[in-house]
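Participant: how would this look folded up:
(chains A and B)
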Amino acid sequence: MKRVYSDLHLCVDGDKMELFSRAVGKASKLGYTLIAIPSRKFSEEQIRQARETCDRCNLDFASRVDLRPHTPEELIGFLRKLRRRFDVVAVMCESKNVARQAAKDRRVDLLNFPQPDFRRGFFDAAEAELASNCLASLEIDVKPLLTLEGPARIRLLSSLRREAATAREFHVPVVISSGVSDEMLMRRPRELAALASLFDLSGRGACEAVSKNPMAIVKRNREKLGSKFVAPGVMIVRRGGNG
Amino acid sequence: MKVVKRRYLAVSIDSDETLGSRDFMDAVWGAVSRLFGEYGASQAGLSLIDYDATKKLAIVRTGHTTLEMLRTALASISQVGKKPVAMHVLAVSGTIKALQKRLDDH
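Facilitator: The predicted structure is shown next:
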């Protein structure tokens, strides 16, 4: 079966439709099937427009929100308010408390750690164990790999290698995303997978990180957000009458 | 004697500016040696087979064991001499003839 690829973190400004259309066109040309663009400010109308633009390019559009809470309580509040509006919920873990809360909350899909700052790499064994018991995946953006040079990139690679090894040990799925806002930094899915080999992800693991793992997140959430969902494995097939 | 299997890559150059073949190969060598060191670069057996500046297309040869290394290095190139550039591998093949055929199908 042909592998389908997705980029769950394309940081294009949704308000600038021309830029958005160009990025969508390029993603389609590069071989993606599904893209997600962080869209917290998006109205329902803007999401509908984005879906139409993607449809024209034979792309599937997933709505995504990036949460940047300062405290665990703030995160819980955001999740209560926003979980049902978006296909993908990512948490930018900027403190250890927030990272721990995000890893143990089943409403969180992606854990993203601020990469250039290696001192804030909170994805350790404890975090991975919490994430493996829930549904959260580790998201790695390749943008810093393309923009950094020299010692900064070396430190980044070392930190990513440690995080990828921890994720592997605790069976936490890894999702590789571009994280770019500039068209020139967009790469083909196979190229994202190749870049993942720099932090010791196996060829198969890297391919799954740009195809199977992100697709599974979107599929699971769409099922849950659908009107027929009752519980995992239980769906409404037909509604009966009162008699 | 051990037979070295070769791989030919068709690389498209995405840039507003036109790059010369020298600039292209310098960028590729630079990326390989930055990521994998001079030892890694020496194993790559890199060679430029064809370069079409107007079509912005290059054909590069490498060993089959170093194919992924070259793919990674090409993906890591984001600028050449301060100009933003992206390089995408369009097709890979074991012979130039098969590569040309794949490119025509592309």
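Participant: okay, CA-based contacts and neighbour counts for the rest of this
Facilitator: Will do.
Participant: could I get the full set of strands for chain B?
Facilitator: Under the criterion DSSP state E, chain B contains strands at B:6-14, B:47-52, B:57-63, B:79-80, B:83-84, B:86-93.
Participant: is there proximity between the fifth one and chain A?
Facilitator: What that stands for is strand B:83-84. Yes - counting by Cα under 8 Å from any Cα of the partner chain, chain A has neighbours in strand B:83-84: B:Pro84.
Participant: now what about that strand, what contacts it?
Facilitator: A:184, B:15, B:17, B:78 (Cα atoms under 8 Å, 6 or more residues apart in numbering or on different chains).
Participant: how far does it sit from the chain's center?
Facilitator: Chain-centre distance of strand B:83-84: 17 Å, with Cα atoms, centre = their mean, to the nearest Å.
Participant: for the second one, same thing?
Facilitator: For strand B:47-52, the distance between its averaged C-alpha position and the chain's averaged C-alpha position is 9 Å (Cα atoms, centre = their mean).
Participant: quick one: name the residues of chain B near chain A.
Facilitator: Of all the residues in chain B, those lying near chain A are B:14, B:68-69, B:71-72, B:75-78, B:84-86, B:88, going by Cα under 8 Å from any Cα.
Participant: which one of the contacts of strand B:83-84 has the most neighbours?
Facilitator: Within the contacts of strand B:83-84, most neighbours by other Cα atoms under 10 Å in any protein chain shown means B:Ser78, with 22 neighbours.
Participant: just checking, A:Phe187 touches B:Ala75?
Facilitator: Not Phe; residue A:187 is Arg. Yes - assessed by Cα atoms under 8 Å, A:Arg187 is found in contact with B:Ala75 at 7.0 Å.
Participant: circling back to that earlier point, need the buried ones from the residues of chain B next to chain A selected in ChimeraX.
Facilitator: Buried members of these can be picked out in ChimeraX with the line below, counting by 16 or more other Cα atoms under 10 Å in any protein chain shown:
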select /B:14,68,69,71,72,75,76,77,78,85,86,88
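Participant: re earlier: closest one of the contacts of strand B:83-84 to A:Val142?
Facilitator: Among the contacts of strand B:83-84, B:Ser78 lies closest to A:Val142 (Cα to Cα), at 12.1 Å.
Participant: follow-up on the earlier one: tell me which of the strands of chain B lies nearest to A:Leu59.
Facilitator: Nearest to A:Leu59, of these and by Cα to Cα, is strand B:86-93 at 20.0 Å.
Participant: how big is the angle separating the closest one from strand B:57-63?
Facilitator: Orientation check (axes from the mean of the first three to the mean of the last three Cα atoms, to 10 degrees): strand B:86-93 against strand B:57-63 gives 60 degrees.
Participant: what packs against strand B:86-93?
Facilitator: strand B:6-14, helix B:67-76, helix B:96-105 (3 or more Cα pairs under 8 Å, 6 or more residues apart in numbering or on different chains; DSSP states H and E).
Participant: point out the most buried one among the ones you listed.
Facilitator: helix B:67-76 (a mean of 23; mean count of other Cα atoms under 10 Å in any protein chain shown).
Participant: just to revisit the earlier point, what's the overlap in contacts for A:Arg187 and B:Ala75?
Facilitator: Residues touching both A:Arg187 and B:Ala75 by Cα under 8 Å, 6+ apart: B:86, B:88.
Participant: for the helix or strand hosting A:Leu160, list every residue counted as buried.
Facilitator: For A:Leu160, the element it lies in under DSSP states H and E is helix A:150-169. Using 16+ other Cα under 10 Å as the test for burial, helix A:150-169 gives A:153, A:156-157, A:159-167.
Participant: likewise for stretch A:10-24?
Facilitator: Residues A:10-12, A:14, A:19-21, A:23-24 are the ones in stretch A:10-24 that count as buried (16+ other Cα under 10 Å).
Participant: from those residues, which is closest to A:Glu94?
Facilitator: Minimum separation from A:Glu94 among the buried residues of stretch A:10-24 (Cα to Cα) is found for A:Cys11, which lies at 18.5 Å.
Participant: not counting sequence-adjacent ones, nearest residue to that closest one?
Facilitator: A:Ser181 (4.6 Å; Cα to Cα, 6 or more residues apart in numbering or on different chains).
Participant: now do the host helix or strand of A:Gly77: which elements does it pack against?
Facilitator: Per DSSP H and E: A:Gly77 is located in helix A:72-82. If you count contacts as 3+ Cα pairs under 8 Å, 6+ apart, helix A:72-82 packs onto helix A:96-104.
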